[in-house]
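>>> the sequence and its predicted three-dimensional model are supplied below.
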There are 2 protein chains.
Amino acid sequence: MPIGPVEKGAALASVADVVSKNRAMYIGWLEEACSIPTVAEEPEALAEMAGWLEAKFESLGAATERLTYDGAPDAILARIGAGDRTLLIYDHYDVQPVDPIELWDSKPFEPTTRDGKLFARGCADNKGDLVARIAALHAHIEAHSAIPVSIKFLVEGEEETGSKSFDEMSLRYSERITADGCIWEGHGIDHASRPEFVFGAKGLAYVELTHRGLSDDQHSSLAVVAPSPAWHMIEALATLRAPDGTVTIDGFYDDVVKPNEKDIEMLRNFPFEEEEERLRLGVESFVGGVTGLDFLQRYFFEPTCNIAGIVSGFTVPNASKTVLPKEVMAKLDMRLVPNQDPNDIVKKLRSHLDKRGFQDIEIKTFSMEHPVRSDAESLVARASLAAAGDVFDQPVAAAPMMIGTGPMWPIAGRLGIPTVSPAGVCRPDSNIHAPNENVRLDDFLRVIEYTSAYLVRFATLDA
Amino acid sequence: MPIGPVEKGAALASVADVVSKNRAMYIGWLEEACSIPTVAEEPEALAEMAGWLEAKFESLGAATERLTYDGAPDAILARIGAGDRTLLIYDHYDVQPVDPIELWDSKPFEPTTRDGKLFARGCADNKGDLVARIAALHAHIEAHSAIPVSIKFLVEGEEETGSKSFDEMSLRYSERITADGCIWEGHGIDHASRPEFVFGAKGLAYVELTHRGLSDDQHSSLAVVAPSPAWHMIEALATLRAPDGTVTIDGFYDDVVKPNEKDIEMLRNFPFEEEEERLRLGVESFVGGVTGLDFLQRYFFEPTCNIAGIVSGFTVPNASKTVLPKEVMAKLDMRLVPNQDPNDIVKKLRSHLDKRGFQDIEIKTFSMEHPVRSDAESLVARASLAAAGDVFDQPVAAAPMMIGTGPMWPIAGRLGIPTVSPAGVCRPDSNIHAPNENVRLDDFLRVIEYTSAYLVRFATLDA
């Protein structure tokens, strides 16, 4: 990972001072943002948050506009700063639902600080990064009087429900959002406090397979002559994947791009405590028995076919009921890697099943996301890594792609804007998408400094 | 099916008259019995019912005693009548739970008559037969002044929860209940009003398979390296059964007795509307594509391995959640045929799974019932069939075994008492084990007459 020479900390003394001085105010902004219950079911809260963002951006001197799309919460696009280079910043202001609410130690939309951590739904995913980046604009202006690049700060409100409109929205407003590089929502900080970077995301094809093969549930004695929908599904599923994790859907790997020399080099430098992860999962070995570099190649470069759920018939534990169930449902989520196309993969699944006599299994598609990779040596990538050296004490953990999925493809893929998901406030124990979501306030303040640092790096690094 | 010559209706004119005269009283007895909520969770109701039976039997001149077994409701053994031959009659006084209660059109323990049918939980299974048989003793005495055989009338109270104690109880009291033949609870009347007879029952091995392979549910992106318990179970299940219904557990068929010439002959005479059954099930064809005699051979003589239930992970329809579930459960019910042994079958399943790397799948056993067949040409069998000709207008539907399971093995198998489950009050639309259980009052009265008729046949047929 080539990173330009840096004078560690040199440029940022004043920003650090500003952040230290404005600590309470910036944390107050985060608390304000986290007090607004921006779950998908609360359109008024989403609207309130959009207004809060406009006001905050405008107070910094930004020009804002709303990017609208039928049925989607408005996205906010704020423009601020000036320079030869244009940086797109992507964040989202919606949050995950709070259930199971009873497992929260404090109310999810009443931000509470305990032991240096702020607890609130969304404080880590993604309001922590969002507010830190806004605060960074404030701090940078206070320290340096101006923002050295032309920033397009895009905040959407539909990410946690799959960014259903973001693809079309970003196409409709492509001229407005085009940029020389994009900073995606923060990837995080790992358990060893290393700032994490990824330059892409796996894709997703999420399907629900259903099969109803009988008019009604039957007494199980009839299973001797009545076809079993559950067995039919088991037989179908058994054709989709080998025990070593290889997906056996016809043509599944046709478009998979293998890692190249540089990718392998990046993996060699990627710090990963494999044994800790094995113990955390509670398993004897990983899928396919992989370890070391093989593990990392599988981790980052292999697609999956996972059973997210399956159900049929009588499922009460420790009880018996003799029933032949009329129907069965299985949910598969397939994580895809470049250049697999989720729509093509679903077509392949359909034809694979049809060819084997499973035409009667219905496929319904849910989240469909393209996998995407961006150049890890682009300007924005190098700037984000260089800035990490300015601010963080630990070496970086940089990987080609996140193993999860995000709506990065419309920007990094179709619009071709080099994109990096850099260090952010999320840690493994931030409980994102779970009760007691939290962010360490030190991390929040560090990300303010970090954001200011990469503005400088992005403005000044050699192209 | 050789049946002795009969003079149709000759012996029974007076019993029919008595039944006609006492119609309201006998129906009143059934209503009384059905008013007592004898579900397993109501020990007081079970005790009340046992008392009701004692009083009723004693009012007919029977001597009663209680067969007790720790933890089980008392069984009632009533002795009445005298003759060279001893007939054991088996019924049960407990009933299925009433849930889902909201689907009942009248209260399950407030018997209600509509359109010639009595509606109440248990009115068909098995209080209809039970009370009809008691009423038959009354009617027979009134018509003929005496019962021509020595009757041992055994009524247990634990059948609907699997007769858990009946095996041991029948062994403990074997000398008390031994007999020349046994009339089991009635098999029923088919959709074409043909009286139904079976001379045995399939067995059952019901197991719950569980596998927990991860400390916790994980984000599905980790499926790339974390072993999936759900896939592991699918792989295991896929080794247990072929698409044509053949069970592929090692050694599963070792002890299966094939039908002999006489069995095939019985099947040839068995009336079965295959096409109607196919349409009722809503299927294009039966398991293995069988029709005709092949269908009947499969129906009555083949064991099964059915999936009664399976569950893992996220199962909300029409929704997506990207989870790698930590555990999976599947319930298998295996209907067994003579001479398969349920305990042996579970051992074979265990060793089959172990041999294929599925040692980590736990097996828990639930209902375990031995399959059993009795001689279809025994005295009690011939008597029951001959009596059908005396009372019913339609030809009989006689089959070697029921395709379901009942606790017949302790009597017909281990104690070796020839046993038949003869015509009874249950019809396909009686909704046994379901809301709005019902019995046609005409059927109830007919079974009173029928029971009286087979007492005569059992007393008088050539050995």
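Arrived safely, thanks for sending.
>>> just confirm A:Glu110 is within a helix.
No - according to DSSP: H, G, I helix; E, B strand; the rest coil, A:Glu110 belongs to no helix; its state is coil.
>>> measure it to chain B for me?
Distance, A:Glu110 to chain B, by Cβ to the nearest Cβ, to the nearest Å: 26 Å. The way it works is simple: take the backbone N, C-alpha and C, and place the C-beta from them, glycine included.
>>> that residue contacts A:Ala120, doesn't it?
Yes - between A:Glu110 and A:Ala120 there is a contact at 7.4 Å, judged by Cβ atoms under 8 Å.
>>> so which of those two has more stuff around it?
In this view A:Glu110 and A:Ala120 are compared by other Cβ atoms under 10 Å in any protein chain shown, and A:Ala120 has more residues nearby, 28 against 12.
>>> mind listing what the more buried one touches?
A:Glu31, A:Cys34, A:Ser35, A:Pro108, A:Phe109, A:Glu110, A:Pro111, A:Thr112, A:Glu437, A:Asn438 (Cβ atoms under 8 Å, 6 or more residues apart in numbering or on different chains).
>>> and with 6 Å instead?
By Cβ atoms under 6 Å, 6 or more residues apart in numbering or on different chains, the residues touching A:Ala120 are A:Cys34, A:Pro111.
>>> check A:Asp94 too.
Residues near A:Asp94 by Cβ under 6 Å, 6+ apart: A:Thr38, A:Gly157, A:Glu159, A:Glu160.
>>> which one of the residues you listed sits closest to A:Ser145?
For the contacts of A:Asp94, the minimum distance to A:Ser145 (Cβ to Cβ) is 32.0 Å, reached by A:Gly157.
>>> with adjacent residues omitted, what lies nearest to the closest one?
A:Pro73 (3.2 Å; Cβ to Cβ, 6 or more residues apart in numbering or on different chains).
>>> now do that neighbour, the pLDDT please.
Per-residue confidence (pLDDT) for A:Pro73: 96.
>>> mind listing the strands for the stretch 201-350 of chain A?
Counting by DSSP state E, counting those that start in this stretch, the stretch 201-350 of chain A has strands at residues A:203-212, A:218-219, A:306-313, A:323-324, A:327-336.
>>> go on, the stretch 51-200 of chain A?
Using DSSP E, counting those that start in this stretch, strands in the stretch 51-200 of chain A cover A:63-67, A:75-80, A:86-92, A:112-114, A:117-119, A:150-156, A:181-183, A:188-189, A:195-198, A:200-201.
>>> nearest to chain B, out of those?
Nearest to chain B among the strands of the stretch 51-200 of chain A is strand A:200-201; the distance by Cβ to the nearest Cβ comes to 9.7 Å.
>>> is any residue of that closest one near chain B?
No - Strand A:200-201 does not reach chain B (Cβ under 6 Å from any Cβ of the partner chain); its nearest approach is 9.7 Å.
>>> quick one: mean pLDDT for that strand?
Strand A:200-201 comes out at a mean pLDDT of 96.
>>> other residues contacting it?
Under the contact criterion Cβ under 6 Å, 6+ apart, strand A:200-201 has outside partners A:Val372, A:Arg373, A:Ser374, A:Met401, A:Met402, A:Thr405, A:Gly406, A:Met408.
>>> ok, back up a step: most tightly surrounded among the strands of the stretch 51-200 of chain A?
strand A:200-201 (a mean of 30; mean count of other Cβ atoms under 10 Å in any protein chain shown).
>>> in CSV, list the contacts of strand A:200-201 along with pLDDT, secondary structure and neighbour count.
Formatted as CSV, the contacts of strand A:200-201 follow (pLDDT from 0 to 100; DSSP: H, G, I helix; E, B strand; the rest coil; neighbours: other Cβ atoms under 10 Å in any protein chain shown):
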residue, pLDDT, secondary structure, neighbour count
A:Val372, 97, strand, 26
A:Arg373, 96, strand, 22
A:Ser374, 96, coil, 27
A:Met401, 94, coil, 25
A:Met402, 94, strand, 21
A:Thr405, 90, coil, 27
A:Gly406, 85, coil, 24
A:Met408, 93, coil, 31
